[in-house]
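Below are the sequence and a predicted model for it; my questions follow.
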Amino acid sequence: MLNFFSPTLALLFQEAERSRLGEMFYQTRAAAANPDLSKFLVIGALLFIIGVAGVLTRRNIIVIFMSIELILNAANLNFIAFSRYLSQTGNPNAVAGQIFAVFVIVVAAAEAAIGLGIVIALYRNKETIWVDEIDLLKW
Amino acid sequence: MQKYIWLVPLLPLIGAAINGLLGRKLRFSETVIGGIAVGSVALSFLISLTAVYSYGHAGWPKPYLTSQDGFSFNWIPGGAVSINQGSDARREIQSQKQVEERLAAMTPEERRQTQSILVATVDSPRYSLLNIEWSYQLDPLSSIFMLIVTGVGLCIFVFATGYMHGETGFYRFFAYMGLFMFAMLVLVMGSNFLMMFVGWEGVGLCSYLLIGYYFDRQEAANASRKAFITNRVGDFGFALAIFGVIATFGSAQYTEVFEQAKSFPIELLGHWGILSWIALGLFIGACGKSAQLPLHVWLPDAMAGPTPVYALIHAATMVTAGLYMVTRTNVIFQHSQTMLLVVALIGAATAIFAATIGITQNDIKKVLAYSTVSQLGFMFMACGVGAFAIGIFHVMTHAFFKALMFLGAGSVIHGMHHEQDMRRMGGLKKYMPYTYWTFMAGWLAICGIIPFSGFWSKDEILWKSAETTYIPLGWLVWLIGTIAATCTAFYMTRLMAMTFWGKERFLEGAGGEADEAHASAYDKGLAAHDALQPSAGDRPRHEPGEHVGPVHEDAAHHAATHGHGDGHHGAHMPHESPPSMWVPLAVLALLAVIGGFVGIGPAFRTITGSEHPGGNLNIVTWLNPVIWNPATRDFNTAEGGHEAAPAEGAHAEAPVAAEGAHGGAAIYGDTGFNLAHSVENSTHSELATEWIFIVISLVVAGIGILLGVLFYVWRPELPNIWAQRLRPLYNASYNKYWVDEFYGLTVTRRTMDAARGVYRFDSKIVDGIVNGLAWLSRQASRIVGGVDKYFVDGLVNTVAAFIARLMSPLFRAAQTGFTQNYALVMVLGLMVAVAAFYGKDIALAVATAVRNITGTVF
C-alpha cells in the first residue's frame, strides 16, 4: 500500500516545488482549463479523508455506508486519473485503470446490497441502527 | 554304527519329550506310553550293542574313539585360559634330565620326600585355547556303561510297564525315566568333564523327580529333597575339581587332560599336590553320587520312589556314576597315593557300616538299599587299592544282581499288595515261583557263591586289597571287606528266609508284635496307619486332576487279582506278577548267573589256561586301555597290556612280577605290611596264596549263609534272644547308627538356625534399611512436594495473578466492541506507518510547498 502512495506523493512534491505564490492565480487558471494529475489526486485524497472521517465519526450506520462509498469513489477517482495520465503519456495499458473502476463499482454495489441486508438483520434484532449501541464484537 | 552313537542318548530324550509333553495332553494310553519309552530304550540298546561290537571287533586295541569325526560341535567356545598350576610340572617335564640328576644325588628317603615337589621355580604361565565341545566318546569304559545303562535299563523299563500299571501319572513316570536315561548316557558317553557334569546334574535332577514321584506323600517329598541336597555337597566338590582340571591342564577333554596328567609327578602319601586336590574334589563328588560315607544318608531314603526307579537309578546305574568317574580319572587318582588310601578306607568303612545296618532292617527295600550302599563301598575299595577294572567289574555284576533283587522286591511288594515289611511275609516260594527262583540267583550272586557273578568280582576285590602295592593298610581293607562280605551273606539270607521261606506270616491277623513292629518299621513322621491299611510303601496314589489312564476292561478281574479297595486285608493271597514283570527278572537272573564269566580271575589260570580268559571279552583286558599304569607311566594300550599292569598282573609272570613289586615299591614307596606277600612267603606259591584267599571268601560267605539259615529257618527264636543280648549294638544298627539324627542335630538344625538367623537379619536389618530408606524418601518427597505445591506453585500463581490483574483492565478497555474504534485504530496505525516511512518526505514536501507559496524559509 505504501508503494502505491509513493508515486502519488512524488508528484505532489513536484507540484509543490513548482508553485510560487506569485504565479498561483495563473497556474490555478491554467490548471482549471487543463487540470493535471495532481489536481485529481488532491481531490481524491480529500474525498478519501472525508470518507474515512465519516466512517470513524458517524453513528448512523447508513451514513457510514455512504462514507464508505466516498472512500471507494476516491479510489475510483485515482484509477481514472492515472488512466488518463498514462494515456496522455501514450501507455497502451492505460485502459486498465478504467476497467478497475468498473470493478470497484460492481463490488461497491454488491457490498451495498450485503451491507444493507446486514443492516436490516441488525435492525430486526437490535431495533437500532446506531453503531454506538452495537458492541457485539466485544463478546 | 560307531558314527551313530550320538543317537544313543538322544532316543530316550525324544521318547521322554513325547511322553512328557504330549502324554497328558493327548491322553496316551499306557500301551502307547510304555511302547514309546521301551522302544526308545530298546533302540538305544541295539545301537550301543552294535557300536560296541564293531568297536571291539576292529582295530583293537584302540584306546579312544571320540565321535569327533562323526558327531560333535563346539559347545562352549571358551577362549584363552592362563594355566598357572600346571606350568611348574610342565617345566619339570621339560627339564626331566636335571631333575633326575638331582634325584640321583639324594638318599632314597630324601628322594621320596622331594620327588613330588621337586619342581622348577620360575616359569611364565602357559596359555591354552579352551574349547569345550559336545561330543561322545566310545572307549572300553564308556562302552561297558552304555551297555549296562541301556541293557539293564531296558529290563527295568519293561518291568515298570507292568509295575506301574494303573498308576496315575504313568506318562510322567516314563518321561522322567527317559530323561534319566538321557542324562546317564550323557554322563558316561561324554568326552569331557563338562559333559560328565551335565549328565551328573541331570541324573541328580531326575533322581529328585523320581524319588518325589509320589509327591503327595510327605516322606517321598522329604526323601527327594534330602537326596538332592546331599548330592549338592558332592557336586560342589566335583565342580571345584573341574575348575582345577581346567586351570591345570587348560582343557576339559579327557584325552588331552590324561595325556598331560600322565607325565605329572606322583604325589606320595601325605603330599598334597595339585592332582591330590583335584582327586579329592572328584572323590567328594563321587561320595555324594555313590552314597559313600558320610554322604550316604540319602540313598536308603530314596526308596520312597517307585521300586523300578530304585532299581534303575539307585542300584544299577546312577549310584555307579561315582565309580565311573573315579575309574575314568584313574590317572589322576593313581597320581595321588593319599587319595587312593582315602578312597579305599572310605569304601571299606562304607561297606562294613552299611552291611551291619542291613542286618537289622525289616523293610525289604531298606535292606536292599543298605546292601547297595555296602556294595558301592566294595567298589570303591577296589578303586582305592588300584584295581579299577575290578571295581567296574563289580559295578557290572552288581548292576545285574541288584537290579534283579530290586525288581524282585518290587514283584514281591506288588504280589503282597504293597506290603514291604518282611515280618509280614514268609513262604512266598509257593505263591511266586518265578520271583523266588530269580531272586535266588541274585541272592547267591551277592553272597559270593561260586560260580555266580558276584563271586568273581567280590573275590577279586578282596584279593586285590590283600595284595595291593598301591597303598599301605591293604590288609585292613581286606579284613573289613571280608567281615562286610560275611554280613552281606547273613543279611541276604535273612531276607530270603523272611520273605520266601518259613511260615506264611501274612496269613496271621494283624496285631501283636508284628503290628507294633509294623508301625515302627516305617519312617518316623509318617501318618499313622493301622494294620487294616495297606502299608505306605508303594501305594499308588491318584493325584487330583490327573489323567488316570484308560479304564481297565476287566476291572472286576483287576480288583480281584490286585485286591485294591476291598476290606479283607488279611485274606489277601500273594500272587505271581504278570509276565511283563517276571520276564525282565528272568533275563536279569540269567545275567546274574553268568555275568561273572567275563572276569574270571587269574587264580583259575590252571583251569582256563589263561591269565585273563576270554581275550578282549575279559573285562580286565577290555578295560586295560583306559587304565593308567604307574610302572610304565602310560595307558595299557600296547597289545598284551594286561601283563604290564601291577594292579592286574603283579604276580603273573616272573619279570612282570618283579617289576610290579619293585616298581610298585619304587613308585609308591614303602607300603608296609602286605598280607598277600606275607602269606606267599610262607606258602612259597603264588597260586596257592590266591586259592587260600578264594577259599577264605567262600568260607565266610558260607558262614554268613549258615548263620542266616540258623537264625531265621532252623531256630527262629534266636534273633530275638541275640537282639536282647546285644541290645546296644542292635539298637545302633537298627537306628542306622543315628547318622540321620546326628546330621539332624548338627547339620540340619544348625543350618535351619542359621537360615532363621539370616532370615531375621534379612527381615529386620536388610528390610529395615530398605524400609527406612523408603520412609526417608517418602518424607523427603513429602517435603519436596510441599515446597513445590506451596512455594513454587504459589510463586507462579502469584506472578500470574499479579500480571493478570494489572494488565487486564488495559487490554479489556481496548476491546470496546465498537467497529468504529477498531477502524480508528486501523487508520491511526496506517497513519503511523505512513509517517514512519514517509514522514520525512512529507515534512520536506510540506515545507517546500509552504516556502514556495509564502517565499519564506523556516
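Structure's in. What do you need? On a predicted model such as this, the values are computed, not experimentally measured, just so you know.

Which helix or strand contains residue B:134?
Remark: residue B:134 resides in strand B:126-135, with elements defined by DSSP states H and E.

how far does the helix or strand following that strand sit from the chain's center?
Counting by DSSP H and E, the next helix or strand C-terminal to strand B:126-135 is strand B:137-138. In terms of CA atoms, centre = their mean, to the nearest Å, the centre of strand B:137-138 is found 20 Å from the chain centre.

Show me what strand B:137-138 is packed against.
Judged by 3 or more CB pairs under 8 Å, 6 or more residues apart in numbering or on different chains; DSSP states H and E, strand B:137-138 is in contact with helix B:30-57, strand B:65-66. No exception for glycine: its C-beta is placed from N, CA and C like everyone else's.

Please tell me I have it right and residue B:185 contacts residue B:11.
No. With contact defined as CB atoms under 8 Å, residue B:185 and residue B:11 do not form a contacting pair (9.3 Å).

low pLDDT regions in chain B?
Scanning chain B for pLDDT under 70 picks out B:1, B:58-72, B:78-103, B:105-128, B:507-572, B:608-610, B:614-615, B:637-667, B:669-670, B:856-858.

And it, what are its domain boundaries?
Here the domain assignment for chain B is B:2-74+B:126-509+B:578-598, B:816-858, based on automatic domain parsing.

These into JSON lines, with extra columns for mean neighbour count?
Shown next, in JSON lines, are the domains of chain B (neighbours: other CB atoms under 10 Å in any protein chain shown):
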{"stretch": "domain B:2-74+B:126-509+B:578-598", "mean neighbour count": "23"}
{"stretch": "domain B:816-858", "mean neighbour count": "13"}
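
In TSV, list those domains along with distance to residue A:50.
Output for the domains of chain B, formatted as TSV (distance: least, CB to CB, whole Å):
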stretch	distance to residue A:50
domain B:2-74+B:126-509+B:578-598	100
domain B:816-858	13
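
quick one, which of the ones you listed is nearest to residue B:719?
domain B:2-74+B:126-509+B:578-598 (8.3 Å; CB to CB).

residue in chain B nearest to chain A?
At 2.7 Å from chain A, residue B:817 is the closest residue in chain B, using CB to the nearest CB.

quick one, helices of chain A?
For chain A, helices defined by DSSP state H occupy the ranges A:2-18, A:24-33, A:37-57, A:61-88, A:95-126.

between the domains of chain B, which one is nearest to residue B:678?
Once the domains of chain B are compared by CB to CB, domain B:2-74+B:126-509+B:578-598 is nearest, at 8.3 Å.

Would you map the strands across chain B?
B:65-66, B:72-83, B:126-135, B:137-138, B:628-629, B:634-635 (DSSP state E).

list the helices and strands the third one packs on?
What that stands for is strand B:126-135. strand B:72-83, helix B:85-94.

now do 10 Å
strand B:72-83, helix B:85-94, helix B:193-211, helix B:218-249 (3 or more CB pairs under 10 Å, 6 or more residues apart in numbering or on different chains; DSSP states H and E).

Turn those into CSV, columns for distance to residue B:840.
Below are those laid out as CSV (distance: least, CB to CB, whole Å):
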stretch, distance to residue B:840
strand B:72-83, 86
helix B:85-94, 99
helix B:193-211, 97
helix B:218-249, 96
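
Residue B:617: which of those is closest?
Here helix B:193-211 is closest among these (CB to CB), at 26.6 Å.

and the closest one, how far from the chain's centre?
Remark: helix B:193-211 is offset 5 Å from the chain centroid, using CA atoms, centre = their mean.

Could you do stretch A:73-86 as well?
10 Å.

average model confidence for it?
Averaging pLDDT along stretch A:73-86 yields 92.

how about the helices and strands packed on strand B:126-135, which one is nearest residue A:84?
strand B:72-83 (98.9 Å).

OK, contacts around residue B:730?
B:359, B:360, B:719, B:722, B:723, B:724 (CB atoms under 10 Å, 6 or more residues apart in numbering or on different chains).

Mind checking which of these land in helices?
Counting by DSSP H, the contacts of residue B:730 place B:359, B:360, B:719, B:722, B:723, B:724 in helices.

Once you drop chain neighbours, what's closest to residue A:55?
residue A:67 (4.6 Å; CB to CB, 6 or more residues apart in numbering or on different chains).

quick one: pLDDT of the one you found?
For residue A:67, the predicted pLDDT is 92.

Would you mark the buried spots in stretch A:101-112?
A:101, A:104, A:108 (16 or more other CB atoms under 10 Å in any protein chain shown).

Nearest to chain B among the residues you listed?
residue A:108 (17.6 Å).

you'd agree that closest one is up against residue A:73?
Yes. Contact between residue A:108 and residue A:73 holds when scored by CB atoms under 10 Å: they sit 8.2 Å apart.

picking up where we left off before, common neighbours of residue B:185 and residue B:11, please.
Joint contacts of residue B:185 and residue B:11 (CB under 10 Å, 6+ apart) are B:44, B:150.

Please name the residues that touch the residue nearest to the spatial centre of chain A.
Geometric centre of chain A, nearest residue: residue A:74, 1.5 Å, by CA atoms, centre = their mean. Going by CB under 10 Å, 6+ apart, residue A:74 touches A:41, A:43, A:44, A:45, A:46, A:47, A:48, A:49, A:50, A:51, A:52.

now it: how far from residue A:108?
12 Å (CB to CB, to the nearest Å).

Now distance to residue B:162 too, for the ones in helices among the contacts of residue B:730, in JSON lines please.
What follows is those, written out as JSON lines (distance: CB to CB, whole Å):
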{"residue": "B:359", "distance to residue B:162": "31"}
{"residue": "B:360", "distance to residue B:162": "32"}
{"residue": "B:719", "distance to residue B:162": "34"}
{"residue": "B:722", "distance to residue B:162": "39"}
{"residue": "B:723", "distance to residue B:162": "37"}
{"residue": "B:724", "distance to residue B:162": "42"}
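
ok, and which of those reach chain A?
For chain A, no contacts are drawn from those by CB under 10 Å from any CB of the partner chain.

Report the contact partners of the closest residue to residue B:179 other than its chain neighbours.
Nearest residue to residue B:179 in three dimensions, chain neighbours excluded: residue B:16, at 4.5 Å (CB to CB, 6+ apart). By CB under 10 Å, 6+ apart, the residues touching residue B:16 are B:23, B:36-37, B:40, B:171, B:174-183, B:206.

partners of the strand holding residue B:134, with directions?
Applying DSSP bridges, strand B:126-135 is found paired with strand B:72-83 (antiparallel).

from the middle of its chain, how far away would stretch B:390-408 be?
On CA atoms, centre = their mean, the centre of stretch B:390-408 falls 17 Å from that of its chain.

Pull it out as CSV, backbone CA atoms only.
This file holds the C-alpha atoms of stretch B:390-408, laid out as CSV (Å, rounded to 0.1, in the frame of the first residue of the first chain):
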residue,chain,number,x,y,z
ILE,B,390,37.7,-104.9,39.1
GLY,B,391,35.7,-102.0,40.5
ILE,B,392,34.0,-101.7,37.2
PHE,B,393,33.6,-105.4,37.0
HIS,B,394,31.7,-105.3,40.3
VAL,B,395,29.7,-102.4,39.1
MET,B,396,28.6,-104.6,36.2
THR,B,397,27.8,-107.7,38.2
HIS,B,398,26.1,-105.6,40.9
ALA,B,399,24.0,-103.9,38.3
PHE,B,400,22.8,-107.3,37.3
PHE,B,401,22.1,-108.9,40.6
LYS,B,402,21.0,-105.8,42.5
ALA,B,403,18.6,-104.7,39.8
LEU,B,404,17.4,-108.2,39.8
MET,B,405,16.8,-108.2,43.5
PHE,B,406,15.2,-104.8,43.5
LEU,B,407,12.8,-105.8,40.8
GLY,B,408,12.3,-109.0,42.6
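
got any ranges where chain A has weak pLDDT?
Using pLDDT under 70, chain A drops low at A:1-5, A:13-32, A:139.

Recalculate using a threshold of 50.
Across chain A, nothing is flagged by pLDDT under 50.

Show me what from chain B comes close to chain A.
So far as CB under 10 Å from any CB goes, chain B lies against chain A at B:812, B:815-824, B:826-828, B:830-831, B:833-834, B:836-838, B:841-842, B:844-856.
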